[in-house]
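**Student:** how would this look folded up:
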Amino acid sequence: MINALNNYSAFSRQSFSLNVNVKHGSKTEILKQNEISQPDTVEHKFNEVLGYKVDENGYFTSEFNEAAGIPKDYKIHSDTLKSLVNVNTNSGILKADFKNIDIAKTVGNAYKILSQVVGEDVLNSKESFNKEDLAKLPQGYEYDNKTLKVLKLHSKISDYMGADSSFQRNERTSITTTFYNSSTIGYYSEHKSLKPSTDILNSNSGGKEDINSGMYFDTTKDKYTDKDGNITKGGLLVGILNKNSHAIEGETTYHGKINGLDKNISSQEYQAKIKAFTDLHGHKYDKYSQSLVDSLPQDLKDFVDFARSLKFVGEINVSDDGKESKSLFEIMQEDMKEAQKRLEKLIEQEKRTQKMLGKNRKYNKELKQNTRKNLEELETMMKFSAKSVDIKA
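**Tutor:** As a prediction, this is how the structure comes out:
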């Protein structure tokens, strides 16, 4: 049985040989990931990383900022984006969401979100942000997955958690914390105290690259932290990318389309397309003729490759007579429904737990008050008794 789609990262498979989409003027070229070209002449003062010039310290030059549509004072380090590209394209067919990434559009998307959430007036007022500054920023937001338009802000982390618990998730909109916030992890199960996000370049992998996760890249925190521990404006952009995968833009894999990360087709539309195809041609993916596969559009080729890889590692149930007991699509739908049921059950259990804790807190408060009152009365009685003894004496 295939696990729910969001748990595909548990599988381990061969990596794609993938590339990065970058732009040179009006031309679009495909460069090998992490490729660094050396200067051709003495006059050429910059190396190139991922298709854009970098200075002697590894930061992208104003050429990149212009392509991304971000202000010139936002410095982005090449190591950060090399790691982001690596994790999202080279983590294998069962985890990689992208075949290639347009790093300029990706950083531009992060700025689009940041400027809406924080506001350009605030961003223009500082060169860097300390922990107190970060704590004052909006702690969460709701947004349109495709356009990245921010629909609603949540100023406090408690406001965000309340909204998140009742948020109706769908293909069109999402809700997220503005930056990574460790206090939200285990909040329901471990009853942690909520705190505003200040360690924004941290992650569940400690802010380091985890290729097997297909998610966590190296945020290179030291590249965006000054001697006083303040985070630069470039670091804020990385903080957005660290938390919001919808900001990443490029050519998606099957996995990326299913996860709703493709700007050109929704997950629901893609699944409907796959269903129509498999209804017509059946579910024996390894029996498809090469001429059929060659004639398919790229997104259906990606599906066939994905389905065949699952069959190869034995993740599709096959009956004794050699027939597939259920289609890949049916299995995925069942797993998603089951995962949703488990999530709803956990949320309901948490609500009951919080309600019981609330009653217990009220009872404990009343018990304390009554105990204090009884002690005061006992103390008064003892004082009165002592006075009585003195009088009799």
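
**Student:** OK, contacts around the closest residue to Ser245 other than its chain neighbours?
**Tutor:** Leaving aside its chain neighbours, Ser245 sits nearest to Leu261 (6.3 Å; criterion: C-beta to C-beta, 6 or more residues apart in numbering). C-betas here are computed from N, CA, C, even on glycine. Shown in contact with Leu261 (C-beta atoms under 8 Å, 6 or more residues apart in numbering): Asp97, Phe98, Ser245, His246, Ile248, Thr252.

**Student:** Just give the closest residue to the last one, not the sequence neighbours.
**Tutor:** In space, not counting the residues next to it along the chain, Thr252 is nearest to Asp262; the distance is 4.3 Å by C-beta to C-beta, 6+ apart.

**Student:** Confirm that that neighbour sits in a strand.
**Tutor:** No. Asp262: not assigned to a strand; according to DSSP: H, G, I helix; E, B strand; the rest coil it is coil.

**Student:** so it touches Tyr270, yeah?
**Tutor:** Yes. Asp262 is in contact with Tyr270 according to C-beta atoms under 8 Å; the separation is 7.4 Å.

**Student:** still on that earlier bit, what about the residue nearest to Thr252, distance to His246?
**Tutor:** From Asp262 over to His246 the distance is 10 Å, taken as C-beta to C-beta, to the nearest Å.

**Student:** ok, Asp210 to Phe217 distance?
**Tutor:** Counting by C-beta to C-beta, the gap from Asp210 to Phe217 is 8 Å.

**Student:** Repeat that for Thr184.
**Tutor:** Between Thr184 and Phe217 the computed distance is 20 Å (C-beta to C-beta).

**Student:** coming back round to it: name all residues that make contact with the residue nearest to Thr252.
**Tutor:** By C-beta under 8 Å, 6+ apart, the contact list for Asp262 reads Thr252, Gly256, Tyr270.

**Student:** And the residues you listed, which is closest to Asn204?
**Tutor:** Gly256 (20.2 Å; C-beta to C-beta).

**Student:** quick one: the closest one is in a helix?
**Tutor:** Yes. According to three-state DSSP, Gly256 belongs to a helix.

**Student:** Which stretches in the stretch 101-250 of the chain count as strands?
**Tutor:** With DSSP state E, counting those that start in this stretch as the criterion, the stretch 101-250 of the chain has strands at 128-129, 140-144, 150-154, 173-177, 231-232, 250-252.

**Student:** Specify the angle between the fourth one and strand 150-154 in degrees.
**Tutor:** Computed by axes from the mean of the first three to the mean of the last three C-alpha atoms, to 10 degrees, the angle separating strand 173-177 from strand 150-154 equals 30 degrees.

**Student:** just the second one next, same as before
**Tutor:** For strand 140-144 against strand 150-154, the angle by the same axes, to 10 degrees is 170 degrees.

**Student:** Against which helices or strands is strand 140-144 packed?
**Tutor:** In this structure, strand 140-144 makes packing contacts with helix 103-117, strand 150-154, helix 157-166, strand 173-177, judged by 3 or more C-beta pairs under 8 Å, 6 or more residues apart in numbering; DSSP states H and E.

**Student:** my guess is Phe306 meets Tyr270, correct?
**Tutor:** No. Using C-beta under 8 Å, Phe306 makes no contact with Tyr270, being 11.8 Å away.

**Student:** Pipe the strands of the stretch 101-250 of the chain into CSV and attach distance to Asn109, mean pLDDT and mean neighbour count per row.
**Tutor:** Converted to CSV, the strands of the stretch 101-250 of the chain look like this (distance: least, C-beta to C-beta, whole Å; pLDDT from 0 to 100; neighbours: other C-beta atoms under 10 Å):
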stretch, distance to Asn109, mean pLDDT, mean neighbour count
strand 128-129, 20, 97, 20
strand 140-144, 11, 98, 21
strand 150-154, 12, 98, 17
strand 173-177, 14, 97, 19
strand 231-232, 19, 98, 22
strand 250-252, 11, 96, 24
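
**Student:** for the nearest residue to Gly235 once chain neighbours are set aside, what are its contacts?
**Tutor:** Closest residue to Gly235 in three dimensions, ignoring its sequence neighbours and counting by C-beta to C-beta, 6+ apart: Tyr224, at 2.9 Å. Applying C-beta under 8 Å, 6+ apart, we find Tyr224 in contact with His77, Leu201, Ile231, Thr232, Gly234, Gly235, Val238.

**Student:** Next: Lys195.
**Tutor:** Ile157, Asn181, Ser183.

**Student:** Repeat the analysis, applying 10 Å as the threshold.
**Tutor:** Applying C-beta atoms under 10 Å, 6 or more residues apart in numbering, we find Lys195 in contact with Ala135, Gln139, Ile157, Asn181, Ser182, Ser183, Thr184.

**Student:** Repeat that for Asp218.
**Tutor:** Contacts of Asp218 by C-beta under 10 Å, 6+ apart are 79-80, 82-84, 86-87, 201, 203, 205-210.

**Student:** Throw together a PyMOL command that grabs the buried residues out of the residues you listed.
**Tutor:** In PyMOL, a selection of the buried entries from the contacts of Asp218 looks like this (16 or more other C-beta atoms under 10 Å):
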select buried, resi 79+80+82+83+84+86+87+201+203+205+207+209+210
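
**Student:** Please give me every residue in contact with Leu201.
**Tutor:** Counting by C-beta under 10 Å, 6+ apart, Leu201 has contacts 80, 179-180, 207, 218-225, 231, 235-236, 238-239, 242.

**Student:** Perfect, that will be all.
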